[in-house]
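# okay, structure incoming, though there's no sequence with it:
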């Protein structure tokens with residue numbers, strides 16, 4: 001069988017532990033497909049230690065990889081981006097985590113084989129990259145309720161696994177006590193508010209299908225800041241349901257703004273922070289957010305009208321409907 005090669009020297013950074021085992025199952029499917037099709041590849045495996053995917057991606061880059069494909073969840077991709085050479089490397093995405101919110105923000109399909117095939121045909125685009133203090137983020141940083149949900153759902157000891165675990169954790173923490181934060185946008189006035197949830201977003205989706213920042217754009221040079229104020233349980237549940245419908249920003253008790261720089265502080269050390277869904281190395285206040293316009297090169301169908309033009313028909317037809325509804 002003739003060996004096929006990617007358009008770039010390509011290395012896969014595999015987090016087998018992502019999604020509590022989903023990463024490994026996804027990689028086995030991808031690996032079997034590449035072996036069957038005679039596709040050549042390099043692979044690097046991460047440990048389950050926080051930060052190891054960044055070290056692994058850096059090692060792949062040092063060994064000459066141009067396209068570095070992260071297989072895992074949003075947390076894995078976050079670490080990969082913090083390990084690659086932004087000037088030289090290109091990011092590829094193979095969803096293998098629990099929620100995979102970032103892949104929706106860049107329109108990469110859920111099906112890993114379809115995403116793999118896209119690496120041969122999709123263009124390399126430039127997208128904005130968020131920065132919080134001294135590290136990068138791809139999608140979003142959340143403080144308060146959503147970070148508490150992530151902290152619970154990603155705990156290996158939590159009784160429910162996968163996406164149902166996030167839903168369960170949401171219900172468990174629906175009465176999360178609000179915290180006082182202060183924030184400043186683009187060096188403007190410092191505002192103090194009691195917040196149930198605050199998010200700084202570069203991408204639109206997190207937690208799977210939850211469109212937390214419906215107006216966010218990955219290449220507009222701006223961050224989307226959103227804050228939810230305290231409310232009763234009915235309003236919180238309504239806000240969550242409206243978020244799935246992408247209409248929550250019109251609700252009373254929810255404010256949005258756009259800025260190039262955001263500074264957030266809280267004197268309450270118990271307020272959790274999630275960065276691209278991860279809380280392992282939790283950030284501490286104060287947090288300074290900036291945007292790096294079009295700093296990241298990524299293989300993505302983001303600007304394509306027909307992203308499956310070159311894909312094998314039997315796979316395309318099966319997945320197209322799901323992709324269009326995602």
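Sure thing, it's come through. Remember, it's a predicted structure, so these values are computed and weren't measured experimentally.

# can you name the next helix or strand after the host helix or strand of residue 119?
Per DSSP states H and E, residue 119 falls inside helix 112-121. Counting by DSSP H and E, the element after helix 112-121 in chain order, helix or strand, is strand 124-132.

# for that following strand, name the packing helices and strands.
In terms of contacts (3 or more CB pairs under 8 Å, 6 or more residues apart in numbering; DSSP states H and E), strand 124-132 is packed against strand 135-137, strand 140-144, strand 287-299. (C-beta placed from N, C-alpha, C; glycine too.)

# quick one: average pLDDT of the shortest one?
Read that as strand 135-137. The pLDDT scores in strand 135-137 average 97.

# which residues touch that strand?
For strand 135-137, contacts defined as CB atoms under 8 Å, 6 or more residues apart in numbering pick out 78, 81, 82, 129, 130, 131, 202, 275, 276, 292.

# ok, 6 Å please
Contact with strand 135-137 is made by 81, 82, 129, 130, 275, 276, as judged by CB atoms under 6 Å, 6 or more residues apart in numbering.

# and stretch 127-146, which residues are buried?
127-132, 136-146 (16 or more other CB atoms under 10 Å).

# kindly report the same for stretch 255-273.
The neighbour-count check on stretch 255-273 (16+ other CB under 10 Å) flags 256, 258, 259, 262, 263, 264, 266, 271, 272, 273 as buried.

# excluding chain neighbours, what is closest to the last one?
Think residue 273. Sequence neighbours aside, residue 283 is the residue nearest to residue 273 in space, at 4.5 Å (criterion: CB to CB, 6 or more residues apart in numbering).

# so what's the one you found scoring on pLDDT?
Looking at residue 283, its pLDDT reads 88.

# that one - that's part of a helix, no?
No - membership of residue 283 in a helix is not supported by DSSP: H, G, I helix; E, B strand; the rest coil, which gives coil.

# hmm, back to that, in TSV: the buried residues of stretch 255-273, plus pLDDT and distance to residue 33.
Formatted as TSV, these follow (pLDDT from 0 to 100; distance: CB to CB, whole Å):
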residue	pLDDT	distance to residue 33
256	92	41
258	97	41
259	98	43
262	98	42
263	98	46
264	97	43
266	95	46
271	93	44
272	94	38
273	95	37
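
# show me what the longest helix anywhere in the chain is packed up against.
Counting residues, the longest helix found in the chain (DSSP state H) is helix 22-37. Applying 3 or more CB pairs under 6 Å, 6 or more residues apart in numbering; DSSP states H and E, one finds that helix 22-37 contacts helix 112-121.

# how does this structure divide into domains?
10-123+300-325, 135-293 (automatic domain parsing).

# need these in TSV (columns: distance to residue 4).
Supplementary listing: these in TSV, determined by distance: least, CB to CB, whole Å:
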stretch	distance to residue 4
domain 10-123+300-325	5
domain 135-293	29
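
# okay, residue 167: pLDDT?
77.

# going along the chain, name the strands of the stretch 101-250 of the chain.
124-132, 135-137, 140-144, 179-185, 190-195, 197-201, 223-228 (DSSP state E, counting those that start in this stretch).

# would you reformat those strands as JSON lines and include distance to residue 35?
Converted to JSON lines, the strands of the stretch 101-250 of the chain look like this (distance: least, CB to CB, whole Å):
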{"stretch": "strand 124-132", "distance to residue 35": "26"}
{"stretch": "strand 135-137", "distance to residue 35": "33"}
{"stretch": "strand 140-144", "distance to residue 35": "36"}
{"stretch": "strand 179-185", "distance to residue 35": "51"}
{"stretch": "strand 190-195", "distance to residue 35": "50"}
{"stretch": "strand 197-201", "distance to residue 35": "38"}
{"stretch": "strand 223-228", "distance to residue 35": "42"}
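
# nearest to residue 17, of those strands?
strand 135-137 (20.6 Å; CB to CB).

# tell me the bridge partners for residue 278.
Residue 278 has these beta-bridge partners by DSSP bridges: residue 275.

# swap in residue 225?
Beta-bridge partners, per DSSP bridges, of residue 225: residue 200, residue 257.

# tell me the spacing between residue 288 and residue 220.
Residue 288 is 20 Å from residue 220, where distance means CB to CB, to the nearest Å.

# residue 62 now?
Residue 62 sits 33 Å away from residue 220, taking CB to CB as the criterion.

# who has more neighbours, the two?
More crowded of residue 62 and residue 220, by other CB atoms under 10 Å: residue 220, with 16 against 9.

# not counting its neighbours along the chain, what's nearest the more buried one?
residue 128 (7.2 Å).
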